[in-house]
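*Asks:* Sequence and predicted structure, then a few things I'm wondering about:
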Amino acid sequence: MRGFFGFVLVFAMLIMLLGLAATENNFYCRLGEAGALMIEAEQASKERGLMDSSLDKIVAAKLGEQIAEENFEAGTVKEEVNRALADYFAGKADATTSLFEFLGEPNEEFLNENSEAFLIEKDGITYAEYVFTGGLFRNRTVSGKPGGQAVARFFVPAGYTVRVVG
């Protein structure tokens with residue numbers, strides 16, 4: 001009888017050890033998945049940061065060009081900036097509502113309807129400003145989701161403003 005109880009005890013310990021090994025294996029698999037997800041999230045965050053930076057640079061460069069050309073026609077300034085932005089956003093972002101409901105592509109027409117720009121000169125100093133208004137109800141935006149599965153959302157909020165003094 002002692003032999004039988006010894007066998008049962010050893011068998012129970014063996015099952016516990018196999019269970020622990022399986023749990024440990026599952027833990028390391030999940031740890032690997034978490035690491036991969038963190039790398040993907042970091043990459044998405046980097047892409048979002050690049051999009052933010054590029055947006056600012058494009059708008060500032062176009063406003064600087066309009067200052068250099070001494071173009072004080074607000075409609076033309078807005079169209080020049082929005083043409084460059086529409087080219088940049090192509091395939092990277094969508095026209096959406098503030099709740100990220102899809103409205104279409106952020107083409108020139110959409111951007112022209114939802115933004116304003118102007119140049120003012122006084123005492124030899126020129127001030128240029130571009131504002132993404134978000135429309136009448138301030139509920140339209142341009143947004144994108146770089147990085148695939150990872151959650152890093154790029155968006156141009158209502159009230160986004162770039163100012164250039166030349």
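*Replies:* Received the coordinates, thanks.
*Asks:* what sits against A152?
*Replies:* 41, 44-45, 47-48, 145-146 (C-beta atoms under 8 Å, 6 or more residues apart in numbering). All C-beta spots, glycine's among them, are computed from the backbone N, C-alpha and C.
*Asks:* Out of these, which one has the weakest pLDDT?
*Replies:* Lowest-confidence member of the contacts of A152: P146, scoring 82 (pLDDT).
*Asks:* for the nearest residue to it once chain neighbours are set aside, what are its contacts?
*Replies:* Closest residue to P146 apart from its sequence neighbours, by C-beta to C-beta, 6 or more residues apart in numbering: E47 at 3.6 Å. Contacts for E47 (C-beta under 8 Å, 6+ apart) come out as 146-147, 152, 154.
*Asks:* With distance to R83 and secondary structure added, can I get the residues you listed in CSV?
*Replies:* Below are the contacts of E47 laid out as CSV (distance: C-beta to C-beta, whole Å; DSSP: H, G, I helix; E, B strand; the rest coil):
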residue, distance to R83, secondary structure
P146, 23, coil
G147, 27, coil
A152, 27, coil
F154, 20, strand
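*Asks:* Could you single out the nearest of the residues you listed to A95?
*Replies:* Lowest distance from A95 to the contacts of E47 (C-beta to C-beta) belongs to F154, with 13.2 Å.
*Asks:* Residue ranges in the protein under the pLDDT threshold?
*Replies:* 148-150 (pLDDT under 70).
*Asks:* what residue is smack in the middle of it?
*Replies:* Nearest residue to the geometric centre of the chain (C-alpha atoms, centre = their mean): F154, 1.8 Å.
*Asks:* Much appreciated, bye for now.
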